[in-house]
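J.: Fold the following.
(2 chains)
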Amino acid sequence: MGLQIYNTITKNKEVFQPLNPGHVGLYVCGPTVYGDAHLGHARPAVTFDVVYRYLTHLDYKVRYVRNITDVGHLVGDGDQGEDKIAKKARLEKLEPMEVVQHYTLGYHKNMQSLNTIAPSIEPRASGHIIEQIKMTQEILDAGFAYEVNGSVYFDVVKYNEQHAYGKLSGRKIEDLLSETRTLDGSSDKKNATDFALWKKAAPEHIMRWPSPWSDGFPGWHLECSAMSTKYLGKQFDIHGGGLDLLFPHHECEIAQSVAACNSEPAKYWMHNNMITINGQKMGKSLGNFITLDQLFSGEHKLLDQAYSPMTIRFFMLQAHYRSPLDFSNQALLAAEKGLERILGGLTTLDKIKASESSSVEIQEAIDGFFKAMNDDFNTPIALSHLFDLVKTINNLKASKATINQTDLDLLKNHLHVCIFDILGLKPSQTPTTQNSKEDEIMQILLELRKKAKENKDYETADLLRDRLLEIGIQIKDSREGTTWQKS
RNA sequence: GGUCACGUGGCCGAGCGGUUAGGCAGAGGUCUGCAACACCUUUUACGGCGGUUCGAAUCCGUCCGUGACCUCCA
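T.: Below is the predicted model of the structure:
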C-alpha cells in the first residue's frame, strides 16, 4: 500500500495522490520571529522535515515552502493595532527589521542543529505586501469583505451564506457568533467573527505600508494565503502547521482562498500536536517556557542536564506527530539512551563480516519500517523496527547468528537510508578529541594502567580508573582493547 | 460556558475487535582480576461501572480525571 496521510479536513486517513503526478507542493506555517525559538517550534519543524524527507525518498519532487512571519500579528490582549514585532522593537529600541533579522538567524541556527532541511522557499510576510494588498482587493471585489475607516475586514457571515465557514475545525457559525467574547474598542467589525485583511496603522505605529485604503499593515491570516498562492498555486497538495493554528488561522486561510480564488488551497491538511511540559501547555505566562538554546545548553531550572539537538529530534520521532508529547527529564534521558542504541548499532554494523549463509531475517523489519512510514508517518513504529534490526546486528556481533554478503549489503544500505536520509538523525560529534594532547596523555595513562594490570597491581589500575572517573572520564575495557570517553 | 481530543505496566510511548509494539528504568546473565561500559534474556498494562460480542485496551453508554481550541501562540 502506498502513502496514507491523515487529513484534518476529512478526519480520515487518505491515500496520498498528488495533484500533479510526481510533484508535491508543501506549505508549512513558520514562526513569528519576535523571540528565541523554543521547544514548541521544534515539533512542526521536525514533523514536516520528516514529511519532506520521506516524500523526497518516494521520488516526489517536493517544493517545500515555510514562511517567516515578520509583520502583522497583533499583540494578545486588546486590539491595540500594534503588532508583536513593532512592540518588541519599541521595547528594545531597535529597528523592527533588526528584531526580525536577529530572531530569524537564531531560528535558522536552531533548525540546522535539529538537522532539518531548509525549505525550498522561505518567504517573508513583509516582502509580500503587494501580493497581500492584491488578494485583499480580490476578496473585496468578490464581495466578501468591507472597508471601515481605512481597514478592511473579511465578512464571515456573508461568506458562510455561500460556503461553509468552520468546515476545517468543525465549528458552526451560530456558535461562534454567540460565543465569541465581546471585545470593546474594536467595534469596526460588523460581526465578532469577522477578521482583518488590512489594518489601518495608528500614527505611532512603526511598521506601515501604503495601500488603497490606508497606511497600514496586512491582517494576520492573509500572508499564508497570499504566499502559498504565489509559490504553490491556487491549489496545492499539503498544508501543515501546529494544531493550535487550526482555528482560526487555517480556517481563515480557507475562507480567504475560496473568496479570492474560488478554490480551497490545500488538498491535505496536516496538523502536528502540541508539546506539554510535565503535563501542562508550554507558555511564557506559565513560566515553563524553554528555548532551544536553553535545551541544548541545559541552562534552565526545569532541566537536569543539557540535551543534544539529536536527542530532541529522536524524542519527537518516538511519538506520533498527531499525539501530544509530554516533555520531562526522564523522557528525554530515555530518548538519549535510545538514540545511542540506534547509532551504536550502526557503528557495530561496520564491524560485521559476511558468512556463507544467513540465519537472520532482515527484510521483514525493513518492510515494517516502510509500512509504518506509509501509515501516516508513524515514526514510533518505524523506529521499533530499527531497534529490532539493532538487536539482530548485536547478535551477529556476538556470533549468535550469521549473515551473507547480499543481506549484509541490504542491511547497510537500508539502515543508512532509514536513519540518516528519512528520519534525519545524525551521529553526534566524536566524543573523544582526536589527535589532541589530551588524547596523547590519555594513551599514556591507559598504557600505565595496562602495565599495572599485567603486574597484577590492581590497586594502581583501579586508582587510575577511579580518579579518571571522578573528573568525568570513563575507561571502557573490551576484548579489542581499552578506550575512553568523556561523560 | 461552547466545541473537540485523550486517559495503556515504575516512566515515555505505539496499537484501536482475537497474535510479544518499541525505548528507558528494574531483575537475571555474558564479558571482566573486580567493576563500569556494552551486549543477551526477562517481570509488570490497558481510569471506574455497565453493555454489545464466542472474544474488547480496541466498539457503545455512563461516570470520574486530564488536556487542547474558542484570544497571540508551534
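
J.: ok, whatever residue of the stretch 151-300 of chain A ends up closest to RNA strand B to A:Tyr321 distance?
T.: The stretch 151-300 of chain A approaches RNA strand B most closely through A:Gly242 (1.9 Å), counting by Cβ to the nearest atom of the strand. For the C-beta atoms, the positions are set from N, CA and C on the backbone; glycine is no exception. Separation of A:Gly242 from A:Tyr321 (Cβ to Cβ, to the nearest Å) stands at 10 Å.

J.: quick one: common contacting residues for those two?
T.: Shared between the contact lists of A:Gly242 and A:Tyr321 (criterion: Cβ atoms under 8 Å, 6 or more residues apart in numbering) are residues A:43, A:272.

J.: Pull up the residues of the stretch 201-350 of chain A that are close to RNA strand B.
T.: A:220, A:241-249, A:272, A:274-276, A:279-283, A:318-320, A:323-326, A:328, A:330-331, A:333-335, A:337-338, A:340-341, A:344-345 (Cβ under 7 Å from any atom of the strand).

J.: In ChimeraX, how would I select the buried members of these?
T.: A single ChimeraX command is used to select the members of those judged buried by 16 or more other Cβ atoms under 10 Å:
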select /A:220,241,242,243,245,246,248,249,272,274,275,276,282,318,319,320,325,335,338,345
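
J.: Tell me which entries of the residues of the stretch 201-350 of chain A next to RNA strand B lie within helices.
T.: Taking DSSP state H as the definition of helices, those contribute A:330-331, A:333-335, A:337-338, A:340-341, A:344-345.

J.: Point out where the stretch 301-450 of chain A drops to low pLDDT.
T.: The stretch 301-450 of chain A contains residues with pLDDT under 70 at A:429-435.

J.: Tell me which residue in it sits closest to RNA strand B.
T.: Closest point on the stretch 301-450 of chain A to RNA strand B, by Cβ to the nearest atom of the strand, is A:Gly338, at 2.6 Å.

J.: isn't A:Leu19 right next to A:Ala266, touching?
T.: No: using Cβ atoms under 8 Å, A:Leu19 is not in contact with A:Ala266; the gap is 9.9 Å.

J.: okay, these two: which has more neighbours?
T.: Using other Cβ atoms under 10 Å, the more surrounded residue of A:Leu19 and A:Ala266 is A:Ala266, with 26 against 14.

J.: hey, what's that one bridged with?
T.: A:Phe236 (DSSP bridges).

J.: what ranges do the strands span in the stretch 251-400 of chain A?
T.: Remark: strands assigned in the stretch 251-400 of chain A by DSSP state E, counting those that start in this stretch are A:266-272, A:275-277, A:280-281, A:325-327.

J.: Save these as CSV, and put in distance to A:Thr136 too.
T.: Formatted as CSV, those follow (distance: least, Cβ to Cβ, whole Å):
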stretch, distance to A:Thr136
strand A:266-272, 21
strand A:275-277, 34
strand A:280-281, 33
strand A:325-327, 38
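
J.: which stretch in these has the least confidence?
T.: Among the strands of the stretch 251-400 of chain A, strand A:280-281 carries the lowest mean pLDDT, a mean of 78.

J.: so what strands line up beside it?
T.: When DSSP bridges is applied, strand A:280-281 pairs with strand A:275-277 (antiparallel).

J.: distance between the strand it pairs with and the chain's centre?
T.: Relative to its chain's centre, strand A:275-277 lies at 14 Å (Cα atoms, centre = their mean, to the nearest Å).

J.: can you check stretch A:200-215 too?
T.: Computed by Cα atoms, centre = their mean, the chain-centroid distance of stretch A:200-215 equals 34 Å.

J.: for stretch A:220-233, same thing?
T.: 20 Å.
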